[in-house]
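Asks: Build me a structure from this.
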Amino acid sequence: MDNILDKKWAYRELGQTGIGLSPLGLGSWQFSRGKGAAIGVWGMLNQAKVNEIVLNSLAGGINWFDTAEAYGMGQSEESLAEALKQAGIRPGECFIATKWQPTMRSASSLKTLLPIREGFLSPYKVDLYQVHFPGLFASIDAQMDNMAALYKEGRIRAIGVSNFNASQMRIAQKRLNKHGLSLASNQVKYNLLDRQIETNGVLETARELGISLIAYSPLAMGVLSGKYQRNPEYLEMVPFIRRKTIRRALEKSMPVIAKLSEISARYNADIAQVALAWVIYGQGDTVFALAGASTPVQARENLRALDIKLTAAEIAELNSVSGS
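Replies: The predicted structure is shown next:
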């Protein structure tokens with residue numbers, strides 16, 4: 001994907017893996033075909049639309065995609081794989097991240113269940129294998145031991161976690177270090193309305209240990225796009241599970257939206273694009289972002305964020321009106 005003529009940004013290293021990824025990746029929870037964890041959160045996207053969303057992302061330089069077992073119990077993975085095939089992408093030409101669901105499972109199931117993930121993603125392999133959340137049944141040490149075994153067998157290219165706090169990141173890193181390996185990433189919520197990683201030790205620990213952070217919900221479920229402020233009636237169209245959370249976010253979003261509007265005018269951009277740019281560039285190269293897209297147009301619009309290099313003063317302005 002490096003031959004994009006108008007690309008003004010650079011790929012950056014994922015953790016200490018030597019793997020170069022676009023600062024923005026495509027999240028694919030919305031590809032779940034209305035099943036699993038998508039029930040009441042996402043509607044149904046037909047495969048033709050998914051194909052176009054993925055194609056637009058690839059055309060703009062996106063070279064990695066994030067999915068999970070929980071996203072429709074394989075439906076998102078399968079839909080993503082079909083879209084990549086339709087786009088003419090061969091195995092190894094893009095980077096795929098997926099997640100293992102730890103609920104009531106032993107750590108050994110990381111190994112036994114990987115073939116199922118590979119089956120849904122076929123012919124593509126799992127590049128970044130992530131623990132979806134810490135869980136209670138299997139210890140972090142045991143999880144990392146099994147991840148290390150998969151890495152050494154050549155089954156995966158990188159090891160990641162999601163929703164881990166700072167101390168859990170340290171435990172995972174220490175265990176992997178015993179295998180001569182390093183944790184590549186931790187996927188966490190991060191946006192202008194939720195900056196907890198800046199104060200709870202996660203961002204600081206990531207920098208110290210050389211771990212990348214992957215921000216999910218970088219637009220706060222659409223609140224930072226301004227669409228609900230412009231059209232309050234849209235809130236009633238949101239699946240009921242998300243509605244209460246969005247209402248809370250809207251209450252504290254007004255000064256942020258105002259500042260985003262002011263800055264976006266300088267770049268002839270949308271406020272959502274500036275909000276994404278703040279996530280992927282505001283902390284140097286430490287934070288990647290996952291932007292979902294439910295329409296091909298939205299996929300194209302997200303790409304504009306990659307070219308918006310906010311100044312230190314603009315980042316400070318946004319920081320001053322937002323908070324944890």
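Asks: okay but residue 105 is in contact with residue 142, surely?
Replies: No - applying Cβ atoms under 8 Å, one finds residue 105 not in contact with residue 142, separated by 10.8 Å. The way it works is simple: take the backbone N, C-alpha and C, and place the C-beta from them, glycine included.
Asks: quick one: residue 246 and residue 228 touch, right?
Replies: Yes - counting by Cβ under 8 Å, residue 228 is a contact partner of residue 246 at 6.6 Å.
Asks: So for those two, which residue has more residues nearby?
Replies: Applying other Cβ atoms under 10 Å to residue 246 and residue 228 shows that residue 228 carries more neighbours, namely 21 against 17.
Asks: tell me which element the more buried one falls in.
Replies: helix 227-230 (DSSP states H and E).
Asks: average model confidence for that helix?
Replies: Helix 227-230 carries an average pLDDT of 75.
Asks: Contacts for it, please.
Replies: Applying Cβ atoms under 8 Å, 6 or more residues apart in numbering, the contact partners of helix 227-230 are 222, 234-235, 246, 250, 253-254, 257.
Asks: Filter those residues down to the ones in strands?
Replies: Among the contacts of helix 227-230, no member falls in strands (DSSP state E).
Asks: Could you turn the buried ones of these into a PyMOL selection?
Replies: Entered in PyMOL, the line below selects the buried ones among the contacts of helix 227-230, by 16 or more other Cβ atoms under 10 Å:
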select buried, resi 222+235+246+250+253+257
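Asks: mind showing which ranges of this protein have poor pLDDT?
Replies: Under the criterion pLDDT under 70, the flagged ranges of the chain are 1-6, 34-43, 231, 233-234, 237-241, 323-324.
Asks: Now do the strands in the stretch 101-250 of the chain.
Replies: Assigned by DSSP state E, counting those that start in this stretch, the stretch 101-250 of the chain shows strands spanning 128-131, 158-162, 185-189, 212-216.
Asks: Adding mean neighbour count and distance to residue 80, write these out as CSV.
Replies: Converted to CSV, these look like this (neighbours: other Cβ atoms under 10 Å; distance: least, Cβ to Cβ, whole Å):
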stretch, mean neighbour count, distance to residue 80
strand 128-131, 26, 14
strand 158-162, 26, 17
strand 185-189, 24, 16
strand 212-216, 23, 16
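Asks: How much space separates residue 314 from residue 44?
Replies: Going from residue 314 to residue 44 by Cβ to Cβ, to the nearest Å gives 39 Å.
Asks: now residue 174
Replies: Using Cβ to Cβ, residue 174 is found at 43 Å from residue 44.
Asks: the more surrounded of those two?
Replies: residue 174 (14 against 11).
Asks: Contacts for stretch 278-287 next, please.
Replies: Applying Cβ under 8 Å, 6+ apart, the contact partners of stretch 278-287 are 12-13, 23-24, 190-192, 203, 206-207, 212-215, 218, 288-289, 305-306, 308-310, 315, 318-319.
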